[in-house]
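Student: can't give you the sequence, but here's the structure:
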């Protein structure tokens, strides 16, 4: 071969060619850890904000209840907002708001009160779709209420579920004979109606007819219904819907008109038919 010829270079065999350096692998786990940390912090921030929002809302409601009902500053008032508060505030209304307090006095009557309001607006005029309320009276509180009913022997009242009990005396030949009466409470036209369910003469249960046979017209004093007007103590927008004796309490249920917050007529005390 002459010096002018170009000598061809033979390629190296494949097994002799050095392998290309592998591309550096991305380390994924630090990103996962970082994402997890951010997620935890976000959740913690949410709960912190949620707790603050709940505290503010319940505090405002508690202050408003004390002011509107003229309750003492140390009156214990429990306020509960169902569900997460922040989304409801963003939406403009509280879905379910429950307010409860013991020994609340209204119109001279004292009882334990629980109110649950629905769709309460947090902006504007404070409208709501409606509410329900429960007022519970113990034996002493019920006696105070019944003492306003003319002729009712309130000092003898007791509670024996499902009845209200009382006793009074009928005169027979100048002798006072005590009659025990078990009364069934019902709700009608803004009143609690107490109707005789059973009668006791001494240790024996007697019928209404037997009592009339023995006492004549005097028995009507025992056999009558007693009407207790509740509406006169409450705003017209609060309507008695049911009443019963549960354990050692008389429990009255009420429906509340959703417009009561904006309609002055519904804020005035009601009347009984």
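Tutor: Here it is on my side, so go on. Just so it is clear, the model here is predicted, and its values are computed rather than measured.
Student: report the secondary structure element holding residue 253.
Tutor: Per DSSP states H and E, residue 253 falls inside strand 249-257.
Student: contacts for whatever helix or strand comes next after that strand next, please.
Tutor: Note on strand 249-257: by DSSP H and E, the next helix or strand toward the C-terminus is helix 264-267. With Cβ atoms under 8 Å, 6 or more residues apart in numbering as the test, helix 264-267 has contacts from 235, 236, 237, 257, 259, 260. Heads up, the C-betas are built off the backbone N, CA and C, glycines and all.
Student: tell me the contacts of the residue nearest to the last one when sequence neighbours are not counted?
Tutor: Using Cβ to Cβ, 6 or more residues apart in numbering and skipping residues adjacent in sequence, the residue nearest residue 260 is residue 237, 3.5 Å away. Taking Cβ under 8 Å, 6+ apart as the criterion, residue 237 is in contact with 256, 257, 259, 260, 263, 266, 267.
Student: as TSV, those with distance to residue 66 and neighbour count would be great.
Tutor: What follows is the contacts of residue 237, written out as TSV (distance: Cβ to Cβ, whole Å; neighbours: other Cβ atoms under 10 Å):
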residue	distance to residue 66	neighbour count
256	19	23
257	23	16
259	23	15
260	18	20
263	23	14
266	21	17
267	18	14
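Student: from these, which is closest to residue 69?
Tutor: Within the contacts of residue 237, the smallest distance to residue 69 is 12.5 Å, found for residue 267 (Cβ to Cβ).
Student: quick check, pLDDT for that closest one.
Tutor: Predicted confidence (pLDDT) for residue 267: 88.
Student: okay, it and residue 247: tell me how far apart.
Tutor: Note on residue 267: its distance to residue 247, by Cβ to Cβ, to the nearest Å, is 33 Å.
Student: coming back round to it: tabulate the contacts of residue 237 (a markdown table), appending distance to residue 164.
Tutor: Formatted as a markdown table, these follow (distance: Cβ to Cβ, whole Å):
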| residue | distance to residue 164 |
| --- | --- |
| 256 | 25 |
| 257 | 28 |
| 259 | 33 |
| 260 | 29 |
| 263 | 34 |
| 266 | 30 |
| 267 | 30 |
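Student: just the strands in the stretch 101-250 of the chain please.
Tutor: Using DSSP state E, counting those that start in this stretch, the strands of the stretch 101-250 of the chain run over 109-121, 130-137, 158-160, 163-172, 175-188, 191-201, 204-206, 226-229, 238-246, 249-257.
Student: now these in TSV, with distance to residue 148 and mean pLDDT?
Tutor: What follows is these, written out as TSV (distance: least, Cβ to Cβ, whole Å; pLDDT from 0 to 100):
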stretch	distance to residue 148	mean pLDDT
strand 109-121	8	92
strand 130-137	13	95
strand 158-160	18	96
strand 163-172	15	91
strand 175-188	16	93
strand 191-201	12	95
strand 204-206	29	91
strand 226-229	8	95
strand 238-246	16	96
strand 249-257	15	96
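Student: I'd like these laid out as JSON lines, including distance to residue 74.
Tutor: JSON lines is the format used below for the strands of the stretch 101-250 of the chain (distance: least, Cβ to Cβ, whole Å):
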{"stretch": "strand 109-121", "distance to residue 74": "16"}
{"stretch": "strand 130-137", "distance to residue 74": "21"}
{"stretch": "strand 158-160", "distance to residue 74": "29"}
{"stretch": "strand 163-172", "distance to residue 74": "32"}
{"stretch": "strand 175-188", "distance to residue 74": "33"}
{"stretch": "strand 191-201", "distance to residue 74": "31"}
{"stretch": "strand 204-206", "distance to residue 74": "48"}
{"stretch": "strand 226-229", "distance to residue 74": "31"}
{"stretch": "strand 238-246", "distance to residue 74": "26"}
{"stretch": "strand 249-257", "distance to residue 74": "24"}
